[in-house]
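> using only what follows, build the 3D model:
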Amino acid sequence: MNLLTLKFVLDQMDVPKPFAITVIAANQQTGVAGQRIVLEEAILAKHQPSKAAKIASKVYNNSKKKRNIKNDANATRLLFDKRGKRLITIHIRLITHFNGIPVRYGS
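Take a look at the predicted model:
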């Protein structure tokens, strides 16, 4: 069985080309965790800055909180879901599949 390393997945995500990804949800603010999220056509938000910024401005228009479309240093990535036209922050350790192939951690 083929497994992808996390490093390989992160390198592939940095290429401005859409990918399919499956992650497990974990949101401390809302208490939602354990749900499987499948994005069939996602891309890093930094590769779609105008679309991502437009959505972020709608979401945070009446809020003082600003959404940075760059990757966070705390092992999260901001993805732009091209089909759902939404932004999703994921934690890299919760990625289970990338383009249909399971992801493993470690060397």
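
> show the average pLDDT along stretch 25-32.
Stretch 25-32 comes out with an average pLDDT of 81.

> can you pull the contacts of the residue nearest to T5 when sequence neighbours are not counted?
Leaving out its chain neighbours, the residue that sits closest to T5 by C-beta to C-beta, 6 or more residues apart in numbering is R104, at 6.3 Å. Quick note: C-beta positions are derived from backbone N, CA and C, even for glycine. By C-beta atoms under 8 Å, 6 or more residues apart in numbering, R104 lies in contact with L3, L4, T5, L6.

> so among those residues, which ones count as buried?
Buried members of the contacts of R104, scored by 16 or more other C-beta atoms under 10 Å, are L4, L6.

> where along the protein do the strands fall?
For the chain, strands defined by DSSP state E occupy the ranges 4-5, 19-27, 32-44, 76-81, 86-91, 95-98, 101-104.

> what's the distance between the shortest one and the middle of its chain?
If I follow you right, that is strand 4-5. 17 Å (C-alpha atoms, centre = their mean, to the nearest Å).

> note down every partner strand of that strand and its orientation.
Neighbouring strands of strand 4-5 in its sheet, by DSSP bridges, are strand 101-104 (parallel).

> for the partner strand, buried residues please.
Neighbour-count burial for strand 101-104 [16+ other C-beta under 10 Å]: V103.

> kindly export that strand (C-alpha atoms) in PDB.
C-alpha atoms of strand 101-104 as PDB (Å, rounded to 0.1, in the frame of the first residue of the first chain):
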ATOM      1  CA  ILE A 101      -3.700   8.300  -1.000                       C
ATOM      2  CA  PRO A 102      -3.300   7.800   2.800                       C
ATOM      3  CA  VAL A 103      -0.800  10.100   4.500                       C
ATOM      4  CA  ARG A 104       1.700   8.900   7.100                       C
END
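
> from the chain's centroid, how far away is it?
Taking C-alpha atoms, centre = their mean, one finds strand 101-104 lying 16 Å from the centre of the chain it belongs to.

> now it: mean pLDDT?
Strand 101-104 shows a mean pLDDT of 95 in the predicted model.

> begin at 76 from here
Will do, 76 is the new start, and the previous item becomes strand 176-179.
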